[in-house]
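**Student:** The sequence isn't on hand, but the structure is:
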């Protein structure tokens, strides 16, 4: 029988993981209220070095947690983000929606499905915490709607991943900041990081409600 020597107890693994995150991360630029969010993001990707490329608005945590505590919906750009959310962590039985569910069959046009889904789900976005972990075109379209005055989300977690448009869409979010936001500059991002950030904010919102 082959038996490797490794840590097996779930709670011990969890404690050890976050102890490593704590000791290997340069927290000097991270505000205290954002540390739980950043810690979860690092835990999700295994890269403490992402701290250097994070950008956020100072009102991200208070605004997003207040919105979640008040029952704001969570709107995701893809089902991978949707499935990564821990709904039991949400503080007010918050509705969770994926914009793709609003997209009816339509003829092929010179646009991505994700961008068209943002338009189709337009009514869902007002007052929502919007979590984008996959499609740069979804973030671009969301920004366009915000700047045109058609959409007013409570907060934006803009964390798409990829080689085409990801860095540019996140730079636009940080530069224009149409709502409180969190982003990770460059190509890195993805559904796991995006879901982890929302889960951390949900946990903080629960604590806010219990205080």
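**Tutor:** Good, I have the coordinates. Everything numeric in this text was worked out from a predicted model, so none of it was measured.
**Student:** Mind listing what's buried along stretch 35-48?
**Tutor:** If you call a residue buried by 16 or more other C-beta atoms under 10 Å, then stretch 35-48 has these buried ones: 36-45, 47-48. The C-beta positions use only the backbone N, C-alpha and C, and glycine is treated the same way.
**Student:** so can I have JSON lines of those residues showing secondary structure and pLDDT?
**Tutor:** Formatted as JSON lines, the buried residues of stretch 35-48 follow (DSSP: H, G, I helix; E, B strand; the rest coil; pLDDT from 0 to 100):
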{"residue": "36", "secondary structure": "helix", "pLDDT": "96"}
{"residue": "37", "secondary structure": "helix", "pLDDT": "98"}
{"residue": "38", "secondary structure": "helix", "pLDDT": "98"}
{"residue": "39", "secondary structure": "helix", "pLDDT": "97"}
{"residue": "40", "secondary structure": "helix", "pLDDT": "97"}
{"residue": "41", "secondary structure": "helix", "pLDDT": "98"}
{"residue": "42", "secondary structure": "helix", "pLDDT": "97"}
{"residue": "43", "secondary structure": "helix", "pLDDT": "96"}
{"residue": "44", "secondary structure": "helix", "pLDDT": "96"}
{"residue": "45", "secondary structure": "helix", "pLDDT": "96"}
{"residue": "47", "secondary structure": "coil", "pLDDT": "96"}
{"residue": "48", "secondary structure": "helix", "pLDDT": "97"}
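**Student:** residue ranges of the strands in the chain, please?
**Tutor:** Applying DSSP state E to the chain gives strands spanning 54-56, 74-76, 96-98, 129-132, 155-158, 181-184.
**Student:** ok, residue 91 - contacts?
**Tutor:** Residues near residue 91 by C-beta atoms under 8 Å, 6 or more residues apart in numbering: 68-69, 202, 205-206, 208-209.
**Student:** So, low pLDDT: which residues of this protein?
**Tutor:** 105-110, 209-211 (pLDDT under 70).
**Student:** any idea which helix is longest in it?
**Tutor:** helix 191-210 (DSSP state H).
**Student:** Could I get the strands of the chain in CSV, plus columns for distance to residue 114?
**Tutor:** Formatted as CSV, these follow (distance: least, C-beta to C-beta, whole Å):
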stretch, distance to residue 114
strand 54-56, 22
strand 74-76, 11
strand 96-98, 11
strand 129-132, 9
strand 155-158, 13
strand 181-184, 17
